[in-house]
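Asks: Sharing a model that was predicted from the sequence below.
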Number of protein chains: 2
Amino acid sequence: MESNELKQEEIDKYSLRGRVFHKIREDILSGKYKDHEELKEVAIGNELGVSRTPVREAFRQLELEGLIQIIPNRGAYVTGIKAKDVKDIYMIRSKLEGLCARWATEHITQEQMEEMEENIYLAEFHASKGHMDQIAELDNRFHNILYESCDSKMLEHLLKDFHQYVWRVRQKTLASARGPVSNHEHRGIMEAIKAHDADQAEKLANQHMINAYDNMVKNGLYDIYKDEEE
Amino acid sequence: MESNELKQEEIDKYSLRGRVFHKIREDILSGKYKDHEELKEVAIGNELGVSRTPVREAFRQLELEGLIQIIPNRGAYVTGIKAKDVKDIYMIRSKLEGLCARWATEHITQEQMEEMEENIYLAEFHASKGHMDQIAELDNRFHNILYESCDSKMLEHLLKDFHQYVWRVRQKTLASARGPVSNHEHRGIMEAIKAHDADQAEKLANQHMINAYDNMVKNGLYDIYKDEEE
DNA sequence: AATGGTATGAATGTATACAATTATACCCAA
DNA sequence: TTGGGTATAATTGTATACATTCATACCATT
């Protein structure tokens, strides 16, 4: 009787609705809008060719994501990513990627397993050739496969958000000598999952994040997020 | 020169803006709106005495929180909390509350420590008297103190969201025999923090969540979220 | 010159009007 | 009766108009 209620979950997911939202989000994360910068509804609306209404709706979402702060009757201000936030995110991700790897070990499908293996082969190939752009892209994809394999919409959603959030930092990091090392760690996680060793998978995914963060600190690669004030 | 830019962070945080948002959110979490129910902008607007505009903005936020799903040009549908989601949240919280307790051990202030101790004394008192409402309220407060003590806006925000999310389930659970046991576990966490034993604090907070979940399953207390279909 | 108050402008908050899309009902034909 | 197509109604998407709030500048007073 209630079969046709919300079947079509994937319609238009990003085609029209959310276009404004994603554009502004991207502009904040890419650094176009600086920390503490005030975002004016009309200005952004004009720039994107839309009225204030969709811009305002996007603002409300961005506030919930913590990317901007809206002060009532005053305005919307960019909340720049602080070095402290990046550190916290990596520590939180360490725990959650571990949990995710554990669950992936229990729930990964044949198809996902194969895509993960293929991903690693490709990454190793591009690493040997020095194709940095592809490495970053494949790293992205590896983690997304992992997130999708854990069979938890909650955790998947959470990790994808964090992953997006530190996108800027990650891209720079992977373009360094960490790329190949990261690939090697991915292989370890993949093999643990394939061997159904959940403990090992969790442990390695856990450490993978800690290593990524340590490398970032060591190379001073995340000083683009340095806290100017406060 | 830029001293007066965004000083007043705490103005009106919940006075006017977000009133609609919080009301709808509460109505979903409290079960007023059932799973898969369609939310109509005008209907809710009339009910709250506002126009469609603020309702729409609230919808967009609620979608981001995962409480509703918006299908373009169709409507907004309540995404009921699934038993699977509750389980996932408790496992995720187990990891994150552990991390939080660890960080709290390192960063808790004197004032917060005192409030936490007072909270536990009060909870034990009300438990001995059988004041169930107060126990639920104090449990709420205990966790919020813990979240605020970890000195991480990221983690604090995350945990408060989850805490809110499973509010319905928690209230029922704490009204059972679990109340006093939960209090005892709180005491353990508090004492570990006070003794600056981060490992122990993490371990206990970790276990605290697992116990809460196990108790919930054992008593069948969370079948209000049972998955009717899918 | 410094202070305080008012006026003005600019931005946000909200309501409403209009456009576009979708669902429903009805009719007609096979 | 069934199937399809069109018309209509209802709902969402967007733009705009109006209301309110806040910041700035100017002016008057001391």
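Replies: Nice, thanks for sending it over.
Asks: and the next element down the chain from the lowest-mean-pLDDT helix or strand in chain A?
Replies: Lowest by mean pLDDT, DSSP states H and E among the helices and strands of chain A is helix A:167-174, with a mean of 68. With elements assigned by DSSP states H and E, the helix or strand that comes after helix A:167-174 is helix A:178-194.
Asks: So which other helices or strands are in contact with that next one?
Replies: Judged by 3 or more C-beta pairs under 8 Å, 6 or more residues apart in numbering or on different chains; DSSP states H and E, the packing partners of helix A:178-194 are helix A:83-107, helix A:110-129, helix A:132-149, helix A:198-218. In short, each C-beta sits where N, CA and C put it, glycine included.
Asks: For B:Arg102, find the nearest of the ones you listed.
Replies: Of all the helices and strands packed on helix A:178-194, helix A:83-107 sits nearest to B:Arg102, with 9.4 Å by C-beta to C-beta.
Asks: helices or strands up against that closest one?
Replies: Using 3+ C-beta pairs under 8 Å, 6+ apart: helix A:83-107 touches helix A:132-149, helix A:153-165, helix A:178-194, helix A:198-218, helix B:83-107, helix B:153-165.
Asks: Present the ones you listed as TSV; the columns should include distance to A:Glu37.
Replies: TSV is the format used below for these (distance: least, C-beta to C-beta, whole Å):
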stretch	distance to A:Glu37
helix A:132-149	27
helix A:153-165	18
helix A:178-194	31
helix A:198-218	25
helix B:83-107	30
helix B:153-165	20
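Asks: Which of these sits closest to DNA strand D?
Replies: Evaluated over those, closeness to DNA strand D peaks at helix A:153-165, with 20.6 Å, by C-beta to the nearest atom of the strand.
Asks: And the contacts of the closest one?
Replies: Helix A:153-165 is contacted by residues A:29, A:65, A:81, A:89, A:92-93, A:96-97, A:99-100, A:103, A:140, A:143-144, A:147-148, A:150, A:170, B:66, B:85, B:88-89, B:92, B:158 when judged by C-beta atoms under 8 Å, 6 or more residues apart in numbering or on different chains.
Asks: Buried only: go through these for me.
Replies: Buried subset of these (neighbour count, 16 or more other C-beta atoms under 10 Å in any protein chain shown): A:29, A:65, A:81, A:89, A:92-93, A:96-97, A:99-100, A:103, A:140, A:143-144, A:147-148, A:150, A:170, B:85, B:88-89, B:92, B:158.
Asks: filter those residues by proximity to DNA strand C?
Replies: By C-beta under 7 Å from any atom of the strand, no member of the buried ones among the contacts of helix A:153-165 lies near DNA strand C.
Asks: Look up the closest residue to A:Ser152, ignoring the ones flanking it.
Replies: Nearest residue to A:Ser152 in three dimensions, chain neighbours excluded: B:Asp88, at 4.6 Å (C-beta to C-beta, 6 or more residues apart in numbering or on different chains).
Asks: got a list of what that neighbour touches?
Replies: Taking C-beta under 8 Å, 6+ apart, one finds A:152-155 in contact with B:Asp88.
Asks: Adding pLDDT, distance to DNA strand C and neighbour count as columns, could you present these in CSV?
Replies: What follows is those, written out as CSV (pLDDT from 0 to 100; distance: C-beta to the nearest atom of the strand, whole Å; neighbours: other C-beta atoms under 10 Å in any protein chain shown):
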residue, pLDDT, distance to DNA strand C, neighbour count
A:Ser152, 95, 29, 24
A:Lys153, 90, 24, 15
A:Met154, 92, 28, 20
A:Leu155, 96, 31, 21
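Asks: And the furthest pair within those residues?
Replies: The most distant members of those, if one measures by C-beta to C-beta, are A:Lys153 and A:Leu155, lying 7.7 Å apart.
Asks: isn't A:Lys40 right next to A:Gly75, touching?
Replies: Yes. With contacts counted by C-beta atoms under 8 Å, A:Lys40 reaches A:Gly75, the gap being 7.2 Å.
Asks: any weak-confidence spans in chain A?
Replies: A:1-17, A:168-177, A:221-230 (pLDDT under 70).
Asks: Name the residue closest to the centre of it, please.
Replies: Nearest to the centroid of the C-alpha atoms of chain A, with distances taken as C-alpha atoms, centre = their mean, sits A:His163, at 1.8 Å.
Asks: ok, and of the contacts of B:Asp88, which contact DNA strand D?
Replies: Applying C-beta under 7 Å from any atom of the strand, the subset of the contacts of B:Asp88 adjacent to DNA strand D is empty.
Asks: how is chain A carved up into domains?
Replies: A:19-78, A:83-225 (automatic domain parsing).
Asks: Would you mind finding the most buried of the ones you listed?
Replies: Among these, the stretch with the highest mean neighbour count (mean count of other C-beta atoms under 10 Å in any protein chain shown) is domain A:83-225, at a mean of 19.
Asks: which bits of chain A sit near DNA strand D?
Replies: Checking chain A against DNA strand D by C-beta under 7 Å from any atom of the strand, the hits are A:16-17, A:45, A:49-54, A:72-74.
Asks: Closest to B:Glu202 out of those residues?
Replies: Using C-beta to C-beta, those come closest to B:Glu202 at A:Pro72, 38.3 Å.
Asks: my read: that closest one touches A:Glu63, true?
Replies: No. Using C-beta under 8 Å, A:Pro72 is not in contact with A:Glu63, being 11.2 Å away.
Asks: can you list the domains of chain A in a markdown table and add distance to B:Ala127?
Replies: Listed next are the domains of chain A as a markdown table, based on distance: least, C-beta to C-beta, whole Å:
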| stretch | distance to B:Ala127 |
| --- | --- |
| domain A:19-78 | 36 |
| domain A:83-225 | 31 |
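Asks: Can you give me the distance of the residue nearest to the centre of chain A to DNA strand C?
Replies: A:His163 sits 30 Å away from DNA strand C, going by C-beta to the nearest atom of the strand, to the nearest Å.
Asks: Then A:Phe59?
Replies: Using C-beta to the nearest atom of the strand, we find A:Phe59 at a distance of 7 Å from DNA strand C.
Asks: Which residues are in contact with that residue?
Replies: Residues near A:Phe59 by C-beta under 8 Å, 6+ apart: A:24, A:39, A:41, A:68, A:70, A:76.
Asks: Most widely separated two among these?
Replies: A:Ile24 and A:Ile70 (12.9 Å).
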